[in-house]
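> Give me the fold of what follows.
(4 chains)
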4 protein chains.
Amino acid sequence: MSAPSRERLVELRRAFHRRPEPAWREFWTTARIVDELEAMDVDELLVGPEVLADGERIAVPDDEELRRWYRQAEEAGANPETLERLRGGHTGAAAVLERGSGPTVALRVDIDGLPRAESDDDAHVPAREGFRSEHEGAMHACGHDAHVTIGLGVLEAVAGSDFSGTLKVCFQPAEEAIGGGKPMAESGLLDDVDYLLAVHVGLDHPTGEVVAGVEGFLAVHQFRADFSGESAHAGGRPGSGRNAVQAMAAAVGNLYAIPRHEDGVTRVNAGRVGGGSATNVIPETAYIEGEVRGETTELMEYMRDRARSVIEGAAAMHDCDAELTPEGEAPGAESDDAVVDVVEAIAGRTAGVDSVVRNDDLGGSEDATVLMNRVHERGGRAAYVGVGTDHPGGHHTATFDVDEDSLVPGVEVLAGTILALARDRP
Amino acid sequence: MSAPSRERLVELRRAFHRRPEPAWREFWTTARIVDELEAMDVDELLVGPEVLADGERIAVPDDEELRRWYRQAEEAGANPETLERLRGGHTGAAAVLERGSGPTVALRVDIDGLPRAESDDDAHVPAREGFRSEHEGAMHACGHDAHVTIGLGVLEAVAGSDFSGTLKVCFQPAEEAIGGGKPMAESGLLDDVDYLLAVHVGLDHPTGEVVAGVEGFLAVHQFRADFSGESAHAGGRPGSGRNAVQAMAAAVGNLYAIPRHEDGVTRVNAGRVGGGSATNVIPETAYIEGEVRGETTELMEYMRDRARSVIEGAAAMHDCDAELTPEGEAPGAESDDAVVDVVEAIAGRTAGVDSVVRNDDLGGSEDATVLMNRVHERGGRAAYVGVGTDHPGGHHTATFDVDEDSLVPGVEVLAGTILALARDRP
Amino acid sequence: MSAPSRERLVELRRAFHRRPEPAWREFWTTARIVDELEAMDVDELLVGPEVLADGERIAVPDDEELRRWYRQAEEAGANPETLERLRGGHTGAAAVLERGSGPTVALRVDIDGLPRAESDDDAHVPAREGFRSEHEGAMHACGHDAHVTIGLGVLEAVAGSDFSGTLKVCFQPAEEAIGGGKPMAESGLLDDVDYLLAVHVGLDHPTGEVVAGVEGFLAVHQFRADFSGESAHAGGRPGSGRNAVQAMAAAVGNLYAIPRHEDGVTRVNAGRVGGGSATNVIPETAYIEGEVRGETTELMEYMRDRARSVIEGAAAMHDCDAELTPEGEAPGAESDDAVVDVVEAIAGRTAGVDSVVRNDDLGGSEDATVLMNRVHERGGRAAYVGVGTDHPGGHHTATFDVDEDSLVPGVEVLAGTILALARDRP
Amino acid sequence: MSAPSRERLVELRRAFHRRPEPAWREFWTTARIVDELEAMDVDELLVGPEVLADGERIAVPDDEELRRWYRQAEEAGANPETLERLRGGHTGAAAVLERGSGPTVALRVDIDGLPRAESDDDAHVPAREGFRSEHEGAMHACGHDAHVTIGLGVLEAVAGSDFSGTLKVCFQPAEEAIGGGKPMAESGLLDDVDYLLAVHVGLDHPTGEVVAGVEGFLAVHQFRADFSGESAHAGGRPGSGRNAVQAMAAAVGNLYAIPRHEDGVTRVNAGRVGGGSATNVIPETAYIEGEVRGETTELMEYMRDRARSVIEGAAAMHDCDAELTPEGEAPGAESDDAVVDVVEAIAGRTAGVDSVVRNDDLGGSEDATVLMNRVHERGGRAAYVGVGTDHPGGHHTATFDVDEDSLVPGVEVLAGTILALARDRP
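Numbers count the residues shown, from 1 in each chain, chains lettered A, B, ... in the order given. As a prediction, this is how the structure comes out:
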């Protein structure tokens, strides 16, 4: 078995890096993945609605936003037939290799970008070398461009090997919105899987380091709170309005002040907020797009319940109304020792890997856990693998970047693990 | 008619200044007033419960506090028989002069001190000249010592004059707590009054200036909010408490942020707050003693209703309970032109008065308005008179003081007005 | 003298209502005004930069925003030659009638719309009768469409009369941004003016009522506060960010809580706020577009200084930086009795006017005051006239509308006043 | 070796329970301990200043408060000679047994009560059985009454055994104020110690359970923040004050909102707050008595630095001043395996112990860590032992109580460990 060449992987990664598309808008990305899969010798190719349970998508943007990204994908030359299958934001895909008897192994990679602007500083390699985001305001700032590349690379590597069994590579949309894992899990795509691998690059591990089993996933709940009051002229009728921005601001301050919990890690963030219309008008509406997390599902629920009290109390304080909409939720999950053992052994003898860490904490959330839990429920096993990569900026910052030297080793560790798992029948 | 001598008035004022007693604790003060009244030739002397409607007192302190001040009055030599009549904090008194036919004129003075420490700086006259408060933490910081003195002085002056009619001088307790006006009004004491005068020294008017009719009283509502949650160890169980201090702090911030109103002046103050027991314990209880005001009763009610929303919402935000207790409420009131005319005329020819202002705004609240409204309802007339006095510090500050040169003119303007009103039958 | 017909005025008003353009974006509006002026017999026509002092415009939007509205005006058929003169958002115009000897009288009307969506409810006349805003998210919600109409109508009426003197009608941009008055004043356009009239419809006065001299202008200061911190992953690095949204929210809460002032009316509003980029990222930036007002310039400055303390303190609390940018400022101003006398007299005998109120408080701000003060400084006189109109929704709300029956009387009162002022030489 | 009888220990514990004295006020408690020590055959008895380094005490109350508790101890019959040695709040004591050659082993127990009221509910054993706190507002709500009892019991047990070596039992004051550990450490009392044991009852472990080595001490920093502004009349001069309660409330809200940290556990509490003087006065002063904690000293310092920013920023927001006074600080510390091994072994064969937990997290702070670190620095070893006891209410709550059945096993485990450590020379 050997991975595709560095050149091939770099070319793929840069193509995807150029066209970051946030959750449920991955039209061009999915179409390009499909193009690549069609060029390979895969046995089954599932697209969009075929990998997503009906009605289970979370945090889908409005029609206008979807149309805008759809059009943009069209203009960028995406295959119109594939696009047609993705209408309404049913993005994502999966490829199946059937190579005789043996276990079913799956690899899950996520494909979405982030709604944030990319640095145009010359010190930022994508800017300097000309593959910076062409979609202003969106960026592959978490390495999912590398994930897609690794997914395709692993497929090529395994396809060209003596693998015996079934391989499914799942290209999951909307990870950042904690929105794609659930519909993919509920589609049943993974219900026959013996082993599931998920992968993430970076996470503060340098190029050459592999984490065999990432742990410490935080359960997460994302929400949108909409505050509504009544507008009035700020000079002439200050006492006749009901100020939604006051309510929102009170909520923000008190959300962060939800008490820490003795049972473990908790998190809260009011990540995006806004409100009001004009300087001289008492604001009628305001919103918070936020999230809470917990080391366990119970802790996440503690935070979620307290957040509800804060938001409703803040609205009441200012005679406003608050409407809370859940936007996404993911549980925690654990890697199985049996799978981690295999990753650890394979990584230990892969060229380009200098250091293997058995376990490390993510300290974040990931809806891969929904898929891992689904596999666990059906009796399968799973591991979440970290592939180190030097990254100048932190994840989600404007200067995040992937060291392309980590692509080949990443593909080889995963493809090698898949072969080993298939040999070692469950 | 002539006022008592400056020496007499200064001696009285300093005696009262030395023993400031806050609302419903005016044991020594009332006893001393009664001593003075008994030494005069008054026709009727009403004490404590005789001038207060049963069950109408507001913001009465707890028994322990009352006992402490009672004992202190005893130790300071107050007449035990009078004290006995004041038990339970039924303080205050009234004297009636009946001198033949003529209208009934009343003068209301307030007698309570404030719960604040007095300056011991040498620049502060009471400190320098040795009549600073002997009750640490209490102070006559609003001139009620001068009011009592003027009340007694007016009685002496009128008693020694050719006055024909009835004069009632009412020594009202608990003005600062907005608590004494109502029970005195409802006792019926003023129900036969044709003319009511109330008086205040200072109010930023210098010695030698008289305001014939003070206006701009703000309607006021005072309250106590008690927040209760649940304590827990701050290090070991932070997520298991319900933090009453967080609730209180959120309420304070948002009380001041109640929107201004286009219809006029509003006010809000969280004047005294507290909470918690120890540094390392999640606070179980907290409280706010606060007030709202409005230029009209409607505006006061707007503030009161909004304050309730804020307090309840703040408690809800932190899973705490809030209990709101009204502590006192006073409406607005207006001086009658007919009475103001007389004050203006008399003041204009009183020695020591250089300047007469017809009307000026108080910009504060006063429960004299309850008495004025009672008199209005019964067909009588009223005016609230300002007697200027140079005061180095502002009202309610540690260096407030009264210029004793203003005492004699103050007595003469009021006594003169009473005589004129009695002559000029309604 | 007679005003243009009701049909003519209604047609104009609806045309302008359909195309509301916010501050400095009044491309179509100015071009249409110029079309109308060119069709009349005016002696001088000044456009854009000719009525705006160089470098004095405030709160000008960015180039992209300007280009968007410019293009939209082009597409809506605005005269390209006029548009060319307005490039970069130098909007507004003025027309001069020179009719022999006599005083110079000016009328100022404002022309901008508001950045808010218009109701599409059938009960809203513009929606029902088909002249609702064609620019989604913008609306003539303060009656400036009627002001432009009145400006043109007055010009037509005076042009067709026996007026002797000079008339200047000034179509001022960017009133809502408190941004157009200053550059127009500093252009010198009004420096030779003997009498200035400004006009506003509505203000809670019904159709048939005229306010001869509107008073109670609040001095205003508008600002933008930009908070900057540092982003980080909300799950993985919560302690490594510096949260600009927390800083902003703390500022909002405490801005509204700036203490009321005993010297008079104050106002504060955080009218538009926002911050953050994604749910799972610690917000790096946030902003407030806000304003403070005061009954006097001193009170406005008290609020402005306190607002600065709040904003800087809030940023410091969360280790963020704050940058404050003044966006606009207008002083108070008073109408001159001599002019108000004339308006009162004329209105009293104008058909369609049932009720004349001499003075009433605006309770808001207006940069007409900058122009009025300029005229006062040069020895001229001014009045701000209110033309009542039934309006179902309040100013700045989605259902604000103008009763078109008030247009003809409005034109006649103003044109009549101009003629009277010209006859009655100063 | 055998422990004193259950009766003896219960009698001691109830005597101390009846007279809880908060930090540096342990006059009666120390005098009673000294009485007990004098009745035993100890070789050295150190009192007050002899066990406290000069000038190192933290969070000492003011003279009046000290005098009040001193007098109360006198009235309760404390030995006047001992009291004399404790003047000024130099409380605490230590006893030394010298029994031939062998290692020096120390046991540290803390002796202070808490400033909180005790339940008088019949379900609360001390209330029902008549040994509830006789000092209203103070309570042994953390089991230090049991600690003192265990300290005395261990001394008696070891004194009556074949122990060879030196035993020091240290009765440390002011643990709750994080104030007594440091002066005791710096007195040098423990500088020759080979093994140090500290003990705590309860901590959610039931009667019959022993924790051989308690871990997870949080580093802690306690502080007092004093806010000062300027008072003014709330009705008449609201804009002329500077409101210290607004500043304090803003600080409270934002202290709890200091971001969680990815590196580990953090805590924050505003445990006691207050401010203002009267309902109608703008508050001039306010304070917070609070604390921050961290799983490591670095995390505590992160919280401490952020708290400083919050407090200073909050004061700046309201034009107030803030003064921060550190009140106490304790580091983390770890139990040594070698000592934990011995405790584990001994506990495993002690009657009344059903369950031995090797390690458990405290999740709180303790200034025993200062003493443990001092011993570590000098080459000695230490363990912090937990003695389970059923407690109906949580630590620091009004219904906390100790199951007296845990006293004998507690004494036996500790005395047994001391004997074992002495035999097993280092």
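
> who touches A:Phe163 in this structure?
A:1, A:97, A:99, A:102, A:418-419, A:422 (Cβ atoms under 8 Å, 6 or more residues apart in numbering or on different chains). All C-beta spots, glycine's among them, are computed from the backbone N, C-alpha and C.

> which of the residues you listed lies closest to B:Gln172?
A:Ile418 (91.0 Å; Cβ to Cβ).

> The closest one - that's part of a helix, no?
Yes: counting by DSSP: H, G, I helix; E, B strand; the rest coil, A:Ile418 is part of a helix.

> Quick check: pLDDT value at it.
pLDDT, A:Ile418: 97.

> host element of the residue nearest to it when sequence neighbours are not counted?
Nearest non-adjacent residue to A:Ile418, counting by Cβ to Cβ, 6 or more residues apart in numbering or on different chains: A:Val105, 4.9 Å away. Remark: A:Val105 resides in strand A:104-110, with elements defined by DSSP states H and E.

> next SSE after that strand?
helix A:125-128.

> quick one: secondary structure of A:Gly394?
Per three-state DSSP, A:Gly394 ends up coil.

> Isn't it up against C:Ala232?
Yes: counting by Cβ atoms under 8 Å, C:Ala232 is a contact partner of A:Gly394 at 6.3 Å.

> that older thread, the contacts of A:Phe163 in strands, which ones?
Applying DSSP state E to the contacts of A:Phe163, the entries found in strands are A:97, A:99.

> which helix is the longest one in chain A?
helix A:297-317 (DSSP state H).

> elements contacting that one?
When contacts are defined as 3 or more Cβ pairs under 8 Å, 6 or more residues apart in numbering or on different chains; DSSP states H and E, helix A:297-317 packs onto strand A:219-228, helix A:244-256, strand A:266-276, strand A:285-294, strand A:321-330, helix B:297-317.

> Specify which residues of the stretch 201-350 of chain A, grouped into ranges, have pLDDT under the cut-off.
Within the stretch 201-350 of chain A, no stretch has pLDDT under 70.

> got the residues of it near chain D?
Within the stretch 201-350 of chain A, the positions adjacent to chain D are A:253-260, A:262, A:265-268 by Cβ under 8 Å from any Cβ of the partner chain.

> same thing but 10 Å
Proximity of the stretch 201-350 of chain A to chain D, by Cβ under 10 Å from any Cβ of the partner chain, involves residues A:250, A:252-269, A:293.

> Any chance of a ChimeraX selection covering the buried ones in those?
In ChimeraX, this line selects whichever of these come out buried by 16 or more other Cβ atoms under 10 Å in any protein chain shown:
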select /A:250,252,253,254,255,256,257,258,259,260,261,262,263,265,266,267,268,269,293
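
> tell me, which of the residues of the stretch 201-350 of chain A next to chain D make contact with chain B?
Answer for these near chain B (Cβ under 10 Å from any Cβ): A:250, A:253-255, A:257-264, A:266.

> re the thing from before, could you list the buried residues of the longest helix of chain A?
In helix A:297-317, the ones that count as buried by 16+ other Cβ under 10 Å are A:297, A:299-300, A:302-304, A:306-307, A:309-317.

> again, but for stretch A:128-136
Buried, per 16+ other Cβ under 10 Å, within stretch A:128-136: A:131-133, A:135.

> same question for it, mean pLDDT?
96.

> And for it, what's in contact with it?
A:10-11, A:13-22, A:25, A:28, A:69, A:72, A:76, A:113-122, A:124-127, A:139-141, A:145 (Cβ atoms under 10 Å, 6 or more residues apart in numbering or on different chains).
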